[in-house]
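Engineer: Sequence plus the predicted model coming up.
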Amino acid sequence: MGRELPEDYKTHMLKYNGGSIPLWNEYVFTSNKGEELFLESFHQLKHIDGSLEDYYKHNFLYPRLLSIGAITGGYIAIGYQNDNMGEIYAYFSDEDPFKIANSFTEFLTSLEVRNVD
């Protein structure tokens, strides 16, 4: 990509290698459109098929965003250009991406954890 990714995202990936959501919890956030969205997982980087370079080349949502995870019905992505570095976006196939957080840390702290009984 020719760019560094934000430190908070790199730290998370080095510690957790992405991650899935346990079946007994829901991680919910409210978008700036007022919708409740459910985090499903963060993409793993270790143990992927092929090289990281190939993975990144095929996982760009747009030239400005990198897919980093899945939400119900869509994806979350991180900006990696100077004007959107570290910003987190939601993306659905039928609409343009929209910003949901100014940073990965802000996104994580916005998550509400609900127990599923």
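Structural biologist: Good, I have the coordinates. Numbers count the residues shown, from 1 in each chain.

Engineer: where does the chain have low pLDDT?
Structural biologist: Low-confidence segments of the chain (pLDDT under 70): 1, 23-25, 47-62, 116-117.

Engineer: In it, spot the helix with the most residues.
Structural biologist: What stands out as the longest helix in the chain, according to DSSP state H, is helix 7-16.

Engineer: So which elements touch that helix?
Structural biologist: strand 36-42, helix 104-110 (3 or more C-beta pairs under 8 Å, 6 or more residues apart in numbering; DSSP states H and E). To be clear about C-beta, it is placed using only N, CA and C from the backbone, and glycine gets the same treatment.

Engineer: okay, the angle between it and strand 36-42?
Structural biologist: Relative orientation of helix 7-16 versus strand 36-42 (axes from the mean of the first three to the mean of the last three C-alpha atoms, to 10 degrees): 60 degrees.

Engineer: quick revisit: among the helices and strands packed on helix 7-16, which is nearest Pro97?
Structural biologist: strand 36-42 (12.9 Å; C-beta to C-beta).
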